[in-house]
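Visitor: Structure of the sequence below:
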Amino acid sequence: MKCVVWDLDGTVWPGIAIEGAEGTLPTPYPWALELMAALEARGVVNSVASRTDPTLAAALAAHPDLVDRFVAPQLGWGDKSVAIRRIVDTLGIGADAVAFVDDNPFERAEVAALLPEVLVLSPEELRGRFDELFPEAVTAEARSRPDRYREEQRRVAAEQDFAGSREEFLRSCGMVLTVSPAGPVDVPRIAELVARTHRFNTTGEQWSADQLAALVDDPDWFVPVVRLADRFGEYGQISTALVQRGASWRIRLFMVSCRAAGREVPVAVLGWLVDRARAAGARELLVEIRTDLANLELRLLLRRVGFTAVTPPAGAAPPTGTAPARPHDADEPTDGDGNRAVLLRRDLTEMPPVAHLTLEEKGWSA
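Guide: Okay, the predicted model is just below:
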């Protein structure tokens, strides 16, 4: 779970806010404040979908117990399912990463019917299942996720106020990609990206922390980690690749966090991988990709930067990963396990740089 969307009246506080004194809000339940703080400490974002007067948004933002607590709150008279869709779109996450908490059975039923991917809970269910549903975050990246979403809201607001083009705005952000060789300290975050990244993930394979740690130490594998920062703050570690060295460099897994994908980060990282493969004397760069709808945007991007289909990967899936079954089109080729997959290749001619991104290497031997 990446986000908990709270109802307000009867859930976060007793009573109905608009029936109170003008400009004031009820006092939140202590248990609700405790759980919100615990969620944030575990890397889960708090938001709001409340059927109430939208003019209460200013009072909510200024409430002494709730200052900076909610990201992308939605207050208004529309359906809660519509409000949750707005939150999902704003945060750039899937509905299956959202839990919705409401004391009203009607509101819970409406969201469950129209957004079946969302986990719908009563306040009592949230309290009773909290540790089960929201395990403690194991990485600093996860714990800082709420702050990163707040930074993203500031980026969005700045872009809306920017008078120039989108490319001019992106250049004004001063984005810097730092690419480093993965070490043991990076393994937990890589494992987290493997588990949580879907849209910009080439295969969806699940790799354990032990398997990833072995690859990091294996000279036959090339495992970079990519971090991103700009004038608004740190994105943290947002991309990695598991690359098998050889006469052809073969990307077994490539992932980019959705938070950074819209800034052409995948293009910049792939261009850097092309350069590294060429410098190592490889003849081409290959990438295995599963052809399910979840990663359609990534598949289109790979084609755009010059990757073309070769053949399906021969034999079984890579020995160090297990790939779950994915939906597919009937005319697509399969790998040895019957999973829909293709092998793409690209020659090692240099890719044009991404103008608004500065790429820096750190920690690589000469």
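Visitor: what residues does stretch 102-111 touch?
Guide: Residues outside stretch 102-111 that contact it (CB atoms under 8 Å, 6 or more residues apart in numbering): 7, 10-11, 51, 79-81, 84, 100, 118, 120-123. Every residue, glycine included, has its C-beta placed from N, CA and C.
Visitor: Could you do stretch 10-27 as well?
Guide: 6, 8-9, 28-29, 32, 48, 52-53, 56, 59-60, 63, 65, 101-104, 123.
Visitor: The contacts of stretch 102-111 in helices, which ones?
Guide: Among the contacts of stretch 102-111, the subset assigned to helices under DSSP state H consists of Lys80, Ser81, Ile84, Pro123.
Visitor: quick one: the closest residue to the second one other than its chain neighbours and Asn46, what's the gap?
Guide: Yep, that's Ser81 we're talking about. Residue nearest to Ser81 in three dimensions, not counting chain neighbours: Leu114, with 4.0 Å by CB to CB, 6 or more residues apart in numbering. Distance of Leu114 to Asn46, computed by CB to CB, to the nearest Å: 22 Å.
Visitor: And Leu300, by the same measure?
Guide: For Leu300 relative to Asn46 (CB to CB), the value is 34 Å.
Visitor: cool, and Val156?
Guide: In terms of CB to CB, Val156 sits 18 Å off from Asn46.
Visitor: The two - which one has more neighbours?
Guide: Asn46 (23 against 12; other CB atoms under 10 Å).
Visitor: what helix or strand does that one sit in?
Guide: Here Asn46 sits within strand 45-51, counting by DSSP states H and E.
Visitor: which residues are contacting that strand?
Guide: 2-9, 12, 36, 39-40, 60, 69-78, 80, 83-84, 87, 91, 100, 107, 145-146, 149.
Visitor: Check which element follows it along the chain.
Guide: Where DSSP H and E defines the elements, the next helix or strand beyond strand 45-51 is helix 57-62.
Visitor: Enumerate the positions of the next helix or strand after that next one that are buried.
Guide: Note on helix 57-62: by DSSP H and E, the next helix or strand toward the C-terminus is strand 74-76. Applying a neighbour-count criterion of 16 or more other CB atoms under 10 Å, the buried positions in strand 74-76 are Gln74, Leu75, Gly76.
Visitor: So what are the sheet partners of strand 74-76 and their directions?
Guide: In the sheet, strand 74-76 lines up against strand 45-51 (parallel) (DSSP bridges).
Visitor: Export the strand it pairs with to CSV, keeping only CA atoms.
Guide: Provided in CSV are the C-alpha atoms of strand 45-51 (Å, rounded to 0.1, in the frame of the first residue of the first chain):
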residue,chain,number,x,y,z
VAL,A,45,0.9,8.7,2.1
ASN,A,46,-2.2,10.1,3.8
SER,A,47,-4.9,11.7,1.7
VAL,A,48,-8.5,12.7,2.0
ALA,A,49,-11.7,12.1,0.1
SER,A,50,-14.5,13.9,1.9
ARG,A,51,-18.0,14.8,0.8
